[in-house]
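# predicted model follows, preceded by the sequence.
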Amino acid sequence: AQKITQTQPGMFVQEKEAVTLDCTYDTSDPSYGLFWYKQPSSGEMIFLIYQGSYDQQNATEGRYSLNFQKARKSANLVISASQLGDSAMYFCAMREVYSSASKIIFGSGTRLSIRP
Amino acid sequence: DVKVTQSSRYLVKRTGEKVFLECVQDMDHENMFWYRQDPGLGLRLIYFSYDVKMKEKGDIPEGYSVSREKKERFSLILESASTNQTSMYLCASSFSARLAGAPGSHNEQFFGPGTRLTVL
């Protein structure tokens, strides 16, 4: 069965430092997609970045990059030069390509707090 | 911009009441989803729909039902609310298929602002 594991319930980071949020996954499907979402205190989930299982390069979107290590089944999110506005919950998620209706399963989340 | 709206941000109901949570999206998405979010548990899928009048159970459907009479609207119904249904409810929508490179082509889900439901 699919599973997403985020082992860091909470993290504190100094502003302007880089931060890595851990995510490991488990699936028997050779085709899958991995997502990271951000949830600020307002509650709305914001899509940040996507990595396909067959993508050769790690995904990047501005200050966000995804450190994809397929053999280790890990998909860590790296935020460079952290800002106060990065304080939020972060969820790692996975979709199996052949799942019905593109279902996604989510990890339990990591609460990131940026210190000024 | 993709817009997913939910009928209420905060809702307080009494045990045994019938509760309707409404979700509307304006991007012509085929798929719609209802999740509940509880601390330490992440998001858990209640029901989803991949077409009008079609629905499938998610991981925790007990105590809930859904309705999708129009493509843009997906309703979550608590037939008889109980205190253990106090939670944050999130609605989401996504495309089924999309040209590579187009927004939504990864089938990423777009979320509404959430409804925080308290059942007393």
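Thanks, I have the structure now. Numbers count the residues shown, from 1 in each chain, chains lettered A, B, ... in the order given.
# alpha carbons only for contacts and neighbour counts from here, please
OK.
# for burial, what's the neighbour tally of residue B:86?
Neighbours of residue B:86 under the rule other Cα atoms under 10 Å in any protein chain shown: 19.
# leaving out chain neighbours, which residue sits closest to it?
residue B:118 (4.6 Å; Cα to Cα, 6 or more residues apart in numbering or on different chains).
# mind giving me the packing neighbours of the helix or strand hosting that neighbour?
Using DSSP states H and E, residue B:118 sits in strand B:115-119. Here strand B:115-119 touches strand B:10-13, strand B:87-94, going by 3 or more Cα pairs under 8 Å, 6 or more residues apart in numbering or on different chains; DSSP states H and E.
# and the last one, how far from the chain's centre?
It refers to strand B:87-94. Averaged C-alpha coordinates place strand B:87-94 at 4 Å from its chain's average position (Cα atoms, centre = their mean, to the nearest Å).
# just give the strands next to the strand holding residue B:118 in its sheet, each with its orientation.
Strand pairing for strand B:115-119, using DSSP bridges, gives strand B:10-13 (parallel), strand B:87-94 (antiparallel).
# other residues contacting the longest one?
Residues lying outside strand B:87-94 but in contact with it, judged by Cα atoms under 8 Å, 6 or more residues apart in numbering or on different chains, are B:4, B:6, B:23, B:25, B:29-38, B:104, B:107-118.
# so how do I select the buried members of these in ChimeraX?
Per 16 or more other Cα atoms under 10 Å in any protein chain shown, the buried members of these correspond to this ChimeraX selection:
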select /B:4,6,23,25,29,30,31,32,33,34,35,36,37,104,107,108,109,110,111,112,113,114,115,116,117,118
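# who are the contact partners of residue A:35?
With contact set as Cα under 8 Å, 6+ apart, residue A:35 has these partners: A:47-51, A:92-94, B:108.
# filter those residues down to just the ones in strands.
A:47-51, A:92-94 (DSSP state E).
# can you lay out those as JSON lines showing pLDDT?
Below are the ones in strands among the contacts of residue A:35 laid out as JSON lines (pLDDT from 0 to 100):
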{"residue": "A:47", "pLDDT": "94"}
{"residue": "A:48", "pLDDT": "96"}
{"residue": "A:49", "pLDDT": "96"}
{"residue": "A:50", "pLDDT": "93"}
{"residue": "A:51", "pLDDT": "93"}
{"residue": "A:92", "pLDDT": "97"}
{"residue": "A:93", "pLDDT": "95"}
{"residue": "A:94", "pLDDT": "92"}
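# thank you kindly, that will do.
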